[in-house]
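**Q** using only what follows, build the 3D model:
(one chain, ligands or ions: 1)
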Amino acid sequence: MNEPSTTPALQDTPTYVKAIQTGGIDHAGFSGLLYPSIKLPLAQFFPFWTKKKTEWVKPAISHDHIMRVTVGLRPHRPSGFIVRSESLGNKTLIHNYGHGGSGWSLSWGTAYLVSEEVKKTQAKKIAVLGSGINGLATARLLQRYGYEVVIYSKDIPPNVTSNFASAVWSPTATLCDAGKFTPEFKTLLTKTARISHRFWQDFVGIERYGVEYRSSYSGDDVPFVTHGPEEIGSDIVDLNGEIIDVPEGEAAFKFAHVRRDWQLRFQVPIFLRAMQEDFRIYGGTVVVREFSKPEDIDALPEQVVVNCMGLGTKGVFNDPELMPIRGQLTHLVPQPGLNYAFGWASRAVSFNPRADAISCGGSTIPNIWSTEPDKAEVDRVIDGLIDMVNTRFVSA
Ligand SMILES: Cc1cc2nc3c(=O)[nH]c(=O)nc-3n(C[C@H](O)[C@H](O)[C@H](O)COP(=O)(O)OP(=O)(O)OC[C@H]3O[C@@H](n4cnc5c(N)ncnc54)[C@H](O)[C@@H]3O)c2cc1C
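**A** So this is what the prediction gives:
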């Protein structure tokens, strides 16, 4: 049961969702959307129109609203992710791991790179190891290209790192370290991010996948750091859509500097569930199995095996570069109507409204393997956000 293949033309300019040129869509009012071209001229003649305040929904941030605290270990490699074929006994083993804090964003792109490697073999039946976002995206893409796929995995969602992500479009987050990646990797990342972004577009607006655009703000009292052209991701900022400097006082929170972009967001439980369902609908089978050494994998019946075990790769293949970057999120009771994300940059606190929670973060602590929640970090994030609400919220 094959689907038509959607292979993005690599040389094509990707289809971006262009941000709407008005400030109206974030707010409760719709005037900016309905009358974008007449808003300014009319405001010139009738200045009282501009005095109407936007009524921002105030986020309900409180220690009493905490539902759960989750900790995930991002699979980080200082020189970036790996997609590479090698031989394992008489099999072809294709690695696809090490996505750091960018695994959701890049998943379809690296899955596509894997599919290019798979096409070099004669195999029709493929084993995919791992059932996180990368295992599922890889398995689904291979199904779409006509392969029969079996997933082997120690755990399945929700018990995977991918379930503990924020998860927004962030194709360079804790992906690689400054000075550790090569120009070749930067070029590969650009290609991968553009392909991935294009694949994600096919899910936007289809309710059962939970992929959407939301406005996301970042505020601070000091100017934002500008990134140089040599930095990773400098040539894919356009994938964020239009980034706007919001005039002081016109965002939900008062800061000297506020930026807004349209952020591609993935509703984590909804998307993972839909991927698991799609995988089964298109004939896939899942085998719960743990691998502890390469020989276990060599014993599988499939001739081509794709490793999407994330950080679990370290225990099996001992990649010395692979390390955890711990991240903790504090999830508050969901707040219907809260439709924007906001972060206080220099305090490293932010809230992100999702269907299942207001997800508050965030932390990036390298080389810590513990997944025990840290109470001090919960207090830092929630107290920081309460402080932001109490001292910065623009009251109506
Ligand atoms: C707090 C936090 C916030 C994040 N926010 C974002 C974000 O906003 N945007 C973004 O793009 N990314 C984000 N990430 C990063 C993203 O979550 C990871 O890059 C991604 O989850 C990695 O996916 P994966 O499929 O490679 O690994 P995993 O999700 O860890 O899946 C690995 C799979 O392999 C299986 N496995 C492991 N070892 C074995 C073994 N020995 N034998 C058999 N099976 C095995 C596991 O059971 C699992 O099924 C965030 C991460 C964290 C922790």
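**Q** so which strand or helix has S85?
**A** Assigned by DSSP states H and E, S85 falls within strand 82-88.
**Q** quick one: mean pLDDT for that strand?
**A** Across strand 82-88, the average pLDDT comes to 98.
**Q** which stretches of this protein form helices?
**A** 31-34, 39-45, 48-51, 103-119, 133-144, 183-201, 268-281, 294-298, 313-317, 375-392 (DSSP state H).
**Q** can you tell me which of the ones you listed the model trusts least?
**A** Among these, helix 31-34 scores lowest, at a mean of 27.
**Q** hmm, stretch 198-206 touching the ligand?
**A** No. Using C-beta under 6 Å from any ligand atom, stretch 198-206 stays clear of the ligand, with a minimum separation of 10.3 Å. C-beta here means a position set from N, CA and C on the backbone, and glycine is covered the same way.
**Q** please state the offset of that stretch from the chain centre?
**A** 13 Å (C-alpha atoms, centre = their mean, to the nearest Å).
**Q** how about it: buried residues?
**A** Under the neighbour-count criterion of 16 or more other C-beta atoms under 10 Å, stretch 198-206 has 198-201, 203 buried.
**Q** endpoints of it, how far apart?
**A** 15 Å (C-alpha to C-alpha, to the nearest Å).
**Q** again, but for stretch 259-273
**A** Termini of stretch 259-273 sit 33 Å apart (C-alpha to C-alpha).
**Q** how far is it from where the chain is centred?
**A** That offset, for stretch 259-273, works out to 7 Å (C-alpha atoms, centre = their mean).
**Q** quick check: residues of the stretch 151-300 of the chain near the ligand?
**A** 153-155, 160-162, 164-168, 170, 290-291.
**Q** got those as TSV, with neighbour count columns?
**A** Compiled in TSV, these are given as follows (neighbours: other C-beta atoms under 10 Å):
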residue	neighbour count
S153	24
K154	16
D155	15
V160	23
T161	25
S162	27
F164	20
A165	25
S166	22
A167	24
V168	18
S170	21
E290	13
F291	23
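**Q** which one of those is nearest I94?
**A** Taking C-beta to C-beta as the measure, F291 is the one of those closest to I94, at 15.1 Å.
**Q** so where's the chain shaky on pLDDT?
**A** Applying pLDDT under 70 to the chain flags the ranges 1-54, 396.
**Q** show me the domain layout of it.
**A** 8-45, 78-217+228-319 (automatic domain parsing).
**Q** so what's P157 up against?
**A** Residues near P157 by C-beta atoms under 8 Å, 6 or more residues apart in numbering: 131-132, 163, 269, 272-273, 276.
**Q** please identify the one among those that lies nearest to L142.
**A** Checking these one by one against L142 (C-beta to C-beta), the nearest turns out to be S131, at 14.0 Å.
**Q** buried sites along the strand holding S85?
**A** 82-83, 85, 88.
**Q** and that strand, anywhere near the ligand?
**A** No. Strand 82-88 lies out of reach of the ligand by C-beta under 6 Å from any ligand atom, never closer than 10.8 Å.
**Q** contacts only, for R280.
**A** V286.
**Q** quick one: it from the ligand, how far?
**A** Between R280 and the ligand the distance is 16 Å, computed by C-beta to the nearest ligand atom, to the nearest Å.
**Q** quick thing: my sequence starts at 51, can you match it?
**A** From this message on, residue numbering opens at 51, which makes the last subject R330.
**Q** roughly how far does that residue sit from A173?
**A** 21 Å (C-beta to C-beta, to the nearest Å).
**Q** again, but for H381
**A** 41 Å.
**Q** same question for E300.
**A** 56 Å.
**Q** neighbour count for the two, which is higher?
**A** Per other C-beta atoms under 10 Å, whichever of E300 and A173 has more neighbours is A173, with 17 against 14.
**Q** quick one, phi/psi of that one?
**A** The phi/psi pair for A173 (degrees, to the nearest 10) reads phi -70, psi 150.
**Q** what residues are up against it?
**A** 142, 197, 352-354.
**Q** and with 6 Å instead?
**A** 353-354 (C-beta atoms under 6 Å, 6 or more residues apart in numbering).
**Q** before we move on, what about the one 3 residues further on?
**A** Residues near I176 by C-beta under 6 Å, 6+ apart: 192, 197, 199, 354.
**Q** how about the residues you listed in CSV, adding neighbour count and distance to Q385?
**A** Putting those into CSV (neighbours: other C-beta atoms under 10 Å; distance: C-beta to C-beta, whole Å) gives the following:
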residue, neighbour count, distance to Q385
L192, 24, 39
Y197, 20, 42
V199, 24, 39
V354, 24, 46
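**Q** among these, which are located in strands?
**A** With DSSP state E as the criterion, strands contain 199, 354 from among the contacts of I176.
**Q** can I get stretch 283-301 in CSV, CA atoms only?
**A** Output of stretch 283-301 as CSV, limited to C-alpha atoms (Å, rounded to 0.1, in the frame of the first residue of the first chain):
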residue,chain,number,x,y,z
GLY,A,283,22.2,28.2,10.8
SER,A,284,23.0,31.7,9.5
ASP,A,285,21.7,30.7,6.1
ILE,A,286,18.4,29.2,7.2
VAL,A,287,17.0,32.0,9.3
ASP,A,288,14.5,32.6,6.5
LEU,A,289,12.8,29.3,7.5
ASN,A,290,11.6,31.1,10.6
GLY,A,291,9.4,33.3,8.4
GLU,A,292,9.4,37.0,9.1
ILE,A,293,11.1,38.1,12.3
ILE,A,294,9.7,41.4,13.6
ASP,A,295,11.1,43.9,16.1
VAL,A,296,8.0,44.8,18.1
PRO,A,297,7.8,48.4,19.3
GLU,A,298,8.0,48.8,23.1
GLY,A,299,4.7,48.3,24.8
GLU,A,300,3.0,46.5,21.9
ALA,A,301,3.7,43.0,23.1
